[in-house]
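Undergrad: Make a model of this:
(one chain, ligands or ions: 1)
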Amino acid sequence: MKAVTLQNVHFQYEEEGPAVLSGVSASIQHGEWIAVIGPNGSGKSTLSRLFNGLLLPRTGEIYINGKSIFSDDDLPVIRREVGMVFQNPDHQFVAPTVRDDIAFGMENAGVPREDMLQRIETVARQTGVEDILDKEPHRLSGGQKQRVAIAGVLALYPSIMVLDEATSMLDPNGKQEVLHTIRSLHASSDVTILSVTHQLHEALMADRVWYMENGRIIHDVTAEELLHNLDWLQEKNIPLPYAASLYQSLAHKGISSRSLESFLWREKSR
Ligand SMILES: Nc1ncnc2c1ncn2[C@@H]1O[C@H](COP(=O)(O)OP(=O)(O)OP(=O)(O)O)[C@@H](O)[C@H]1O
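TA: The predicted structure is shown next:
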């Protein structure tokens, strides 16, 4: 059974409005990390919001861990199984301290108190927020806030985590902190990850990349395949990471640089 199956999914926000998703079919294996890239307005965020039924397709089917998003019985289960982290770290807090904030979702889900304490400890360690549990969320840096948001989602033991441009509002340090957290989560757990991003170097950290255009996934490739199609990426006006752009310039001059290629791979697997 796949973690996610999308079958010919169509979506539009208004009855007579334009098609936003036009026949999306794809699937994700358990434990896989998929990054979604593509131009503004191509439907990336909309697609990510279908994963936990925040939005429902007009037509088509979505199965999450084998359960249909259209089943009234399964939808509440799906909502528990899919954790969402959004772009703006300031919009995700409800409690006066980090600890209470992580506990909030668990209280709503009826997690027993002893389990809650244990889970807070575990997810705080996973996201590196152990030392700020008693702090007020609004006093934290952007990277810390997003890691607390991820901790709150992880505490509910999701099997799928959707991150919609979770690093885009962060400074370079904050981005690094959050990416480090996602990478170690991917390496150490079997949580399935879908991350929407405009940054190619972030997308290259994933196992597979979906490139969207006009409401369709027009490329579904491994990160390796993407790295070997740098010319195509440039045609699509996707800014290349510096090392990739240097590699491409040298390749165009007929200089093949094995050491730069291995550097790119080291960057990817770091
Ligand atoms: N709530 C909404 N109501 C109506 N139209 C919407 C709504 N949200 C998004 N859209 C439209 O749907 C299309 C896809 O938007 P979406 O945010 O999914 O794209 P995106 O690829 O995530 O874009 P970006 O990279 O700019 O975030 C756009 O044309 C957008 O204007």
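Undergrad: Tell me how many other residues crowd residue 32.
TA: Neighbour count for residue 32, taken as other Cβ atoms under 10 Å: 18. C-beta: built from backbone N, CA, C; applies to glycine.
Undergrad: so residue 109 makes contact with residue 155?
TA: No - in this structure residue 109 lies outside contact range of residue 155 using Cβ atoms under 8 Å: 9.0 Å.
Undergrad: between the two, who's got more neighbours?
TA: residue 155 (26 against 12).
Undergrad: Now the more buried one: phi and psi?
TA: Per-residue torsions, residue 155: phi -60, psi -20 (degrees, to the nearest 10).
Undergrad: Spit out the contact partners of it.
TA: If a contact means Cβ atoms under 8 Å, 6 or more residues apart in numbering, then residue 155 has 102, 103, 105, 106, 111, 116, 119, 120, 123 as its contacts.
Undergrad: now swap in residue 8 and tell me
TA: Shown in contact with residue 8 (Cβ under 8 Å, 6+ apart): 23, 24, 25, 59, 60, 61.
Undergrad: Around the residue nearest to residue 204 when sequence neighbours are not counted, how many other residues sit close by?
TA: Distance criterion Cβ to Cβ, 6 or more residues apart in numbering; nearest residue to residue 204, sequence neighbours excluded, is residue 223 at 4.8 Å. Close neighbours of residue 223, defined as other Cβ under 10 Å, add up to 19.
Undergrad: re earlier: closest to the ligand among the contacts of residue 8?
TA: For the contacts of residue 8, the residue nearest the ligand by Cβ to the nearest ligand atom is residue 24; the value is 11.6 Å.
Undergrad: And the strand or helix carrying the closest one, what does it pack against?
TA: In the assignment (DSSP states H and E), residue 24 maps to strand 21-28. With contacts taken as 3 or more Cβ pairs under 8 Å, 6 or more residues apart in numbering; DSSP states H and E, strand 21-28 sits against strand 4-11, helix 44-50, strand 59-64, strand 216-222.
Undergrad: Report the central residue of this structure.
TA: residue 195 (2.0 Å; Cα atoms, centre = their mean).
Undergrad: where exactly do the helices run in this protein?
TA: Secondary structure of the chain (DSSP state H): helices at 44-50, 75-81, 98-108, 113-127, 142-154, 172-188, 200-203, 223-227, 230-235, 242-252, 258-269.
Undergrad: that older thread, which residues sit against the strand holding residue 24?
TA: 2-12, 34, 43, 46-47, 50, 57, 60, 192, 194, 210, 214-217, 220.
Undergrad: Same list (the contacts of residue 155) but as CSV, adding neighbour count, distance to residue 231 and pLDDT.
TA: Below are the contacts of residue 155 laid out as CSV (neighbours: other Cβ atoms under 10 Å; distance: Cβ to Cβ, whole Å; pLDDT from 0 to 100):
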residue, neighbour count, distance to residue 231, pLDDT
102, 28, 45, 95
103, 20, 50, 95
105, 17, 45, 91
106, 21, 48, 94
111, 17, 51, 94
116, 17, 52, 96
119, 19, 47, 96
120, 22, 48, 96
123, 24, 42, 95
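Undergrad: one step back: by mean pLDDT, show me the worst of the helices of the chain.
TA: With a mean of 61, helix 258-269 has the lowest mean pLDDT of the helices of the chain.
Undergrad: ok so, going back, name only those of the contacts of residue 8 that count as buried.
TA: Taking 16 or more other Cβ atoms under 10 Å as the criterion, what is buried in these is 24, 60.
Undergrad: number of nearby residues for residue 154?
TA: Neighbour count of residue 154, defined by other Cβ under 10 Å: 24.
Undergrad: Surely residue 185 touches residue 191?
TA: Yes - when contacts are counted by Cβ under 8 Å, residue 185 is listed as touching residue 191 (6.0 Å).
Undergrad: who touches both of those two?
TA: Common neighbours of residue 185 and residue 191 (Cβ under 8 Å, 6+ apart) are 154, 161.
Undergrad: Excluding sequence neighbours, find me the nearest residue to residue 226.
TA: Closest to residue 226 by Cβ to Cβ, 6+ apart is residue 209, at 5.2 Å.
Undergrad: my guess is that neighbour meets residue 229, correct?
TA: No - using Cβ under 8 Å, residue 209 is not in contact with residue 229, being 10.5 Å away.
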